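Visitor: Pasting a predicted model and its sequence here:
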Amino acid sequence: MKVPVIARRAALALACASLPFSALFSPLAQAQAYPSKLIRVIVPYAPGGSSDNVARLLNQKMQENWGQTVLIDHKPGGNTIIGTEALTKAAPDGYTLLIVLNTHSINPLLTTLPYDPIKDFAPITTVGVSEYMLAVNPAMPGTLKEIIAQAKAKPGALNYSTSGAGGLGHLAGELFNTVAGVKTLHIPFKGGAPSVQALVAGQVQLAFVPPINVIQLIKGGKLRAVAISGKSRLASLPDMPTFEEAGLPGLKVTNWYGMLAPAGTPRDIVMKLNGEYNRIQGLADVKEKLQAQGIDPFPQTPEQFGAMIKSDMDTFAKVVKSANIKLEN
């Protein structure tokens, strides 16, 4: 005998009513509906830098696949601390994310933070890795050895710009001072774009930067490439030697880009984001665009990314101590 429709509906309503309220809105149920609205990605730097460019490329592909708007929210300042703290105040629902660089592992070594760099975040994945290069204003002499010779002849006369005090560019500059036996002065800016603009304008002479920030300017003759870290030359700038080829093998600096969510974000949502970001990195056109800017795709699990953040903190602690780097420098 068929049960009348009204009776079936009544039975279903009674069954739902008997479930705990939390079961109706469990993480699994939320994840199955995710995403259902706009996603905001915080970039803790000024517009135009490498993290901004990477985020925009990823956002476009995510938006196309998921059919939801993915917006950039720039929150520069405080060596990424302002933007990073903003994520900790967002709801842990997968609709507010943060793109970070190695700076996330460096900041705890330099100052007291308004958040815990490990406990207050849910790692999603890394979305790229690149070496760092030395770019100079075209008015500088030609080779790395000539630049070092000039720096030794006039200690403190040469300046290098960075996207912020305590960032990877800052560590690279201080490592350069130590390995080359010179003294150059650090000039921090609020982001990669203003840092590079100062270099183009001749306000500073040097900059240690990810290639994505300067490749087009180098090809346009507004900046000059000197050397790059890593074991191989950059495909898009094949004439630029590695630091080892140029006579400075001790300068080894690698930069990564990663995505974080607030702590407490449901595991299913974290894994859905992980799968999407790793899928995007595997797309041929995305890989081509990243590599054209000196970035290689670098997909990981959330656990691998979390372990890397902790490992980098241990590694950078040695550099910060030996160079006596402080956030206010």
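Guide: Now that the structure is in, tell me what you want to look at.
Visitor: CA atoms for contacts and neighbours, from now on please.
Guide: Fine.
Visitor: out of everything not next to it in sequence, what's closest to P92?
Guide: Leaving aside its sequence neighbours, P92 sits nearest to T265 (C-alpha to C-alpha, 6 or more residues apart in numbering; 4.4 Å).
Visitor: Pull the contacting residues for the one you found.
Guide: P92, D93, G94, A122 (C-alpha atoms under 8 Å, 6 or more residues apart in numbering).
Visitor: what's the answer for P76, then?
Guide: Neighbouring residues of P76 by C-alpha under 8 Å, 6+ apart: V43, P44, Y45, A46, I82, G83, K190, G191.
Visitor: Neighbour-wise, give me the winner out of these.
Guide: Y45 (30 neighbours; other C-alpha atoms under 10 Å).
Visitor: Please verify my assumption that it contacts G78.
Guide: No: counting by C-alpha atoms under 8 Å, Y45 stays clear of G78, with 9.4 Å between them.
Visitor: Name the residues that touch stretch 141-155?
Guide: Against stretch 141-155 from outside (C-alpha under 8 Å, 6+ apart): M140, A157, L158, A180, G181, V182, K183, T184, V226, A227, A246, G247.
Visitor: how about it: buried residues?
Guide: The neighbour-count check on stretch 141-155 (16 or more other C-alpha atoms under 10 Å) flags P141, L144, I147, I148, Q150, A151, K152 as buried.
Visitor: Dump it to CSV, restricted to CA.
Guide: Presented in CSV, the C-alpha positions along stretch 141-155 are these (Å, rounded to 0.1, in the frame of the first residue of the first chain):
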residue,chain,number,x,y,z
PRO,A,141,78.1,48.5,-13.3
GLY,A,142,77.8,45.3,-15.2
THR,A,143,78.7,42.2,-13.2
LEU,A,144,78.0,40.9,-9.7
LYS,A,145,81.8,41.1,-8.9
GLU,A,146,81.8,44.8,-10.0
ILE,A,147,78.8,45.5,-7.7
ILE,A,148,80.5,43.8,-4.8
ALA,A,149,83.7,45.8,-5.5
GLN,A,150,81.8,49.1,-5.5
ALA,A,151,80.0,48.1,-2.2
LYS,A,152,83.4,47.3,-0.6
ALA,A,153,84.9,50.5,-1.8
LYS,A,154,82.0,52.6,-0.3
PRO,A,155,80.4,50.8,2.6
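Visitor: returning to what we had before: so the residue nearest to P92: helix, strand or coil?
Guide: coil (DSSP: H, G, I helix; E, B strand; the rest coil).
Visitor: mind listing the helices for this structure?
Guide: Ranges of helices within the chain are 5-18, 21-24, 27-33, 50-66, 81-88, 103-106, 144-153, 168-180, 192-200, 215-219, 267-281, 284-291, 302-323, based on DSSP state H.
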